[in-house]
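> Structure, please.
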Amino acid sequence: MSALSPPITFLPIDLSRWDHGPAGDALVVPVWSDVRPLRGAAGLLDWRLCGRLSQMIREGRVSGALHEKLLLVTNRIPWRRVLAIGIGVSTAFDEDAFRSTIDCSLQALRGIGASSVAMALPGRDVDLIRPDRAVRHFMAALAQSEETGGAWLERLTIIDVPSVSKTLGDSFRALYAAR
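Reported below is the predicted structural model:
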């Protein structure tokens, strides 16, 4: 297979690029239970939402516990909904936690009927998983999701720091070529 399917694009953690990027059904941001202030895509999203995520954390409405899910509807970003997914304590994060969080995210996205998705991969905001490993585990989880219910993801945008976009893209292309 020469082309990526679903089509995959990359966006940096940059609001002006988000504003001009492809709109979609949902943005997935990972939230740690022990990293404050929020970092990476979650931190930038929180800033755009005028501290809404931080406020919900302070109020105890969300904690970032592993697999905790918070769905928000917003018109302040190009994606109609935000899925904040808890990834637990940073010191306990490993590849198993990455895989289970991706599985949980994909199941939730499928459940809400999201087919055009932007996602910040868990653990990448503090570099706890290498880009190539993140891609490998993500693709395995997506393949498993599609095996159980058919193809559902039509477009995927990965959000990460600009310096790893090429590495992520190369990893995705290599895995698709091997299929």
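
> for the residue lying closest to Val35 once chain neighbours are set aside, what are its contacts?
Spatial nearest neighbour of Val35, excluding adjacent residues (C-beta to C-beta, 6 or more residues apart in numbering): Ser90 at 5.6 Å. Where you see a C-beta, it was placed from the backbone N, CA and C, and this is true even at glycine. Contacts for Ser90 (C-beta atoms under 8 Å, 6 or more residues apart in numbering) come out as 32, 34-35, 126, 128.

> rerun that using 10 Å as the cut-off
The contact partners of Ser90, by C-beta atoms under 10 Å, 6 or more residues apart in numbering, come to 32-35, 39, 64, 97, 123, 125-126, 128.

> Check what pLDDT it gets.
Predicted confidence (pLDDT) at Ser90: the value is 97.

> cool, and Gly169?
83.

> Same check on Asp34?
Asp34 is given a pLDDT of 97.

> quick one: contacts for it?
So Asp34 contacts 63-64, 88-92 (C-beta under 10 Å, 6+ apart).

> same question, Ser100
Ser100 touches 66-67, 87-88, 122, 137, 141, counting by C-beta under 10 Å, 6+ apart.

> Identify the residue nearest the geometric centre of this structure.
Met119 (2.6 Å; C-alpha atoms, centre = their mean).
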